[in-house]
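1. okay, predicted coordinates and the sequence, questions at the end:
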Amino acid sequence: MRGNKRMSYLLAATSVLCIAGVVLSVGCQQQQGKPSIMNIGDGSKPLKEVVNPGNKAFYKADGSFDAAAVKKAYFAMLEAYNAPIHPQLKTDEFWVCDFLSRDHEKLGMGGIFWVNMEASYGDDTDPGKYDGEYKGQKFGYLGHEIYLLPGQMLPEHRHIGGEKGYGPKMESWHIRYGTVEFFGEYKGDGTEKPISEMAEKDRPWGYGEPWFKSKYVTSKSAGGIYTLTAPETWHFQRAGPNGAIVSEYATFHNQVEFSKPGMKFASSEAK
């Protein structure tokens, strides 16, 4: 009996020491700057400062867009949020552009299309050879990630029906990290307020120009979702002070046009 009690005491003491070791290990990791999953919170605030380094860092001496430097800034933002940098983001699948603005500090984005599917029910790619009532009808869907540095925005744009027979792209945005302001031509979920009521210093780039169409704005934080409810309407988004990582769920990405003349899905070349 005495031997059994002694063994029980030893096991209990060993368990306490093990738990203490884990606690000390976690504490040491946190002191060394290695973030714990417990520190992430709701994702609206980063674990360390997210920096928008400004245009000087984004363009080469000849004025051309420096994609490698831009991607480096987005990777730093992902690290600040302790968000994964998937292998695909280290390939050309991760695209960045300034829409020919030469002002990536304010107007630009990074993104990756995880999927952008277009097909017809029962087409030649269908191994099951579907032959139901929808055979031959088109379908399409999209999964896209958007990366925005602090204060950075997309150009105002809209999605229209195109030559391939698909209707206007309809989309919802799910904020994964950070905060986002959504701007649009019409109200959506009822949380919007007129852009005209914003302080002048907070109004978006382009506001007041003849080509600018959006009238309303609303803000969403990490975990929030905002939906485009009116087809072919002008809209865009702008990241908050800590940048943003946004998942987009949508129908097939078809045609897009920009309200500001000269804007394109491209990056500035040498002057």
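-> The structure has been received and is ready for your questions.
2. which segments of the chain make up each domain?
-> 2-34, 42-258 (automatic domain parsing).
3. so which of these gets nearest F265?
-> Smallest distance to F265 across these (CB to CB): 6.3 Å, for domain 42-258. Heads up, the C-betas are built off the backbone N, CA and C, glycines and all.
4. for the domains of the chain, which one ends up most surrounded?
-> domain 42-258 (a mean of 17; mean count of other CB atoms under 10 Å).
5. gap between the two ends of it?
-> Start and end residues of domain 42-258 are separated by 33 Å (CA to CA, to the nearest Å).
6. distance to S267 and mean pLDDT added to the domains of the chain, as CSV?
-> Putting these into CSV (distance: least, CB to CB, whole Å; pLDDT from 0 to 100) gives the following:
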stretch, distance to S267, mean pLDDT
domain 2-34, 34, 45
domain 42-258, 4, 96
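7. and these as TSV, adding distance to E269?
-> TSV is the format used below for the domains of the chain (distance: least, CB to CB, whole Å):
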stretch	distance to E269
domain 2-34	39
domain 42-258	5
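8. quick one: closest of those to A266.
-> Judged by CB to CB, the one of the domains of the chain that comes nearest to A266 is domain 42-258, at 5.7 Å.
9. off-centre distance for the closest one?
-> How far domain 42-258 lies from its chain's middle: 6 Å, per CA atoms, centre = their mean, to the nearest Å.
10. and of the domains of the chain, who's closest to K271?
-> Nearest of those to K271, taken as CB to CB: domain 42-258 at 3.8 Å.
11. between the domains of the chain, which gets nearest to S268?
-> Of all those, domain 42-258 sits nearest to S268, with 4.7 Å by CB to CB.
12. quick one: contacts for H104?
-> N55, F58, Y59, F65, V70, D98, Q152 (CB atoms under 8 Å, 6 or more residues apart in numbering).
13. checking it next. Helix, strand or coil?
-> coil (DSSP: H, G, I helix; E, B strand; the rest coil).
14. so how far is L148 from it?
-> 11 Å (CB to CB, to the nearest Å).
15. my guess is F236 meets L154, correct?
-> Yes - using CB atoms under 8 Å, F236 is in contact with L154, at 4.5 Å.
16. hang on, the earlier thing: possible to save the contacts of H104 as TSV with distance to S214 and secondary structure?
-> Below are these laid out as TSV (distance: CB to CB, whole Å; DSSP: H, G, I helix; E, B strand; the rest coil):
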residue	distance to S214	secondary structure
N55	24	helix
F58	25	helix
Y59	27	strand
F65	26	strand
V70	25	helix
D98	20	coil
Q152	17	coil
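17. list just the nearest of these to H86.
-> Of all the contacts of H104, V70 has the smallest distance to H86: 17.6 Å, by CB to CB.
18. so C97 versus Q137, what's the distance?
-> 33 Å.
19. nearest to K90, of the contacts of H104?
-> Using CB to CB, V70 is the member of those that lies nearest K90, at 13.9 Å.
20. once you drop chain neighbours, what's closest to the closest one?
-> Closest residue to V70 apart from its sequence neighbours, by CB to CB, 6 or more residues apart in numbering: V96 at 4.6 Å.
21. now swap in D123 and tell me
-> For D123, ignoring the flanking residues on the chain, the nearest one in space by CB to CB, 6+ apart is G136 at 8.0 Å.
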